[in-house]
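Undergrad: Please work out how this folds:
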Amino acid sequence: MDSIHILLSTDCNYIMPTSVTMKSVSIQNIKSEVIFHIIIDNGVKSKHKRQLEKVIAQTSNHKVVFHLVDSEYFSNFPQLRRGDAKSGYITQATYYRLVVTDILPENIHKVIYIDGDVINTDSLNSLWNLPLDNYAVGTVTDMAESKHDFSKLGYSPKEGYFNAGVLLINLDYWREHKLKEKFLYLIANEPERIVLHDQDVLNITLHDQKMNLPMRYNVQNGFLWKPEYNQFGERYKNYEDDLKQAICHPVLLHFTDNKKPWHVEDCNPYSYEFIKYYKQTQWKYKPLSHCNKSKLRYLGAKILRDIHVLGPAKTDERKYYTLEELQILKEQYKEQ
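TA: Okay, here's the model as predicted:
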């Protein structure tokens with residue numbers, strides 16, 4: 001049986017979530033040979049590598065291969081802003097998957113790319129074995145598809161917009177069609193079209209070269225919102241049946257909100273899946289953190305709410321199905 005090749009990318013700040021992602025993949029694919037290819041830069045030190053390796057150390061048919069990318073790889077592209085998501089910027093590490101054909105050897109023909117905020121809940125064999133002939137990539141539509149500016153993207157809304165957090169990548173196709181060069185040309189020459197960073201680059205370039213995957217392979221937060229809050233627009237009816245299967249039987253849960261399952265403020269009903277694997281890593285005794293990284297700011301706001309100077313903290317809890325409602329949906333799905 002061929003090995004399943006999993007591609008991840010991390011910097012030193014995302015070691016814990018990436019480790020939990022790896023643990024979930026390892027457990028759900030315990031009988032398969034799995035190779036984790038992890039793209040890192042110089043900020044990832046030896047101790048971080050050891051932490052990532054430790055997660056799968058007890059599984060002999062799973063291994064980790066690190067691929068070091070020079071942090072200056074994109075230094076010739078001043079359009080790419082540096083910083084973090086909180087300040088409205090994003091680090092260059094997110095662009096590294098665009099050059100994956102420079103990173104992975106040519107004897108690897110395809111790879112499953114997974115973001116570090118994804119949890120695997122079932123075997124990946126069904127995804128891995130999907131034929132990708134004549135397609136660059138297998139993708140799942142984005143939870144906020146109707147909110148994207150297709151005039152800026154430069155193609156028809158009928159072709160949709162995919163989320164880049166999970167990708168089944170046809171590496172042979174990328175090499176043959178020199179897609180890396182097309183990605184870099186777009187970044188260098190048409191940066192005004194790029195809002196959501198590498199995700200926009202991929203959609204602009206591959207919107208007509210993608211295979212649509214079942215939604216269960218990338219169940220984003222918005223998929224778990226009640227219908228009245230969905231952001232699919234007029235295409236909601238087209239997705240309704242696939243969406244029901246996805247939320248009842250997810251394979252890959254993608255925590256796309258800025259409130260992650262390792263934050264106490266998270267409202268996603270499937271966050272317990274993250275906790276299940278988190279408790280099987282070396283971080284199991286570390287308490288969950290707050291979304292607001294400033295403890296003083298958090299405590300100050302809490303005090304002001306306690307004395308009713310500030311109103312309740314904003315939450316999306318009302319948008320989500322509860323676990324009880326999800327169970328009802330699952331029972332209805334079984335009966336169909």
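Undergrad: ok, Thr322 to Tyr239 distance?
TA: 22 Å (Cβ to Cβ, to the nearest Å). All C-beta spots, glycine's among them, are computed from the backbone N, C-alpha and C.
Undergrad: With neighbour numbers in mind, choose between these two.
TA: Neighbours were counted for Thr322 and for Tyr239 using other Cβ atoms under 10 Å; Tyr239 has more, 17 against 11.
Undergrad: Report the next helix or strand after the helix or strand containing that one in sequence order.
TA: Per DSSP states H and E: Tyr239 is located in helix 236-248. Using DSSP H and E, the helix or strand that follows helix 236-248 towards the C-terminus is strand 252-254.
Undergrad: thinking again about what came up before, so which elements touch the helix holding Tyr239?
TA: Other helices and strands packing on helix 236-248, by 3 or more Cβ pairs under 8 Å, 6 or more residues apart in numbering; DSSP states H and E, are helix 323-335.
Undergrad: Remind me what the helix it packs on packs against, helices and strands.
TA: By 3+ Cβ pairs under 8 Å, 6+ apart, helix 323-335 packs against helix 236-248.
Undergrad: can you map out the strands along the protein?
TA: Counting by DSSP state E, one finds strands in the chain at the ranges 4-9, 34-40, 62-68, 110-114, 118-120, 137-141, 162-170, 210-212, 219-220, 252-254.
Undergrad: Ok, which of those comes nearest Leu196?
TA: Leu196 lies closest, by Cβ to Cβ, to one member of these: strand 162-170, at 8.5 Å.
Undergrad: circling back to that earlier point, pLDDT on the helix holding Tyr239, on average?
TA: For helix 236-248, the mean pLDDT works out to 93.
Undergrad: what's the spacing between Gly43 and Pro214?
TA: As judged by Cβ to Cβ, Gly43 and Pro214 stand 36 Å apart.
Undergrad: repeat for Leu179
TA: For Leu179, the distance to Pro214 (Cβ to Cβ) stands at 24 Å.
Undergrad: Check Glu72 too.
TA: For Glu72, the distance to Pro214 - Cβ to Cβ - is 39 Å.
Undergrad: Tell me which of those two has more neighbours.
TA: Neighbours per residue (other Cβ under 10 Å) separate Glu72 from Pro214, with Pro214 holding more: 16 against 10.
Undergrad: now the helix holding Tyr239 and strand 137-141, what's the angle there?
TA: Relative orientation of helix 236-248 and strand 137-141, computed by axes from the mean of the first three to the mean of the last three Cα atoms, to 10 degrees: 100 degrees.
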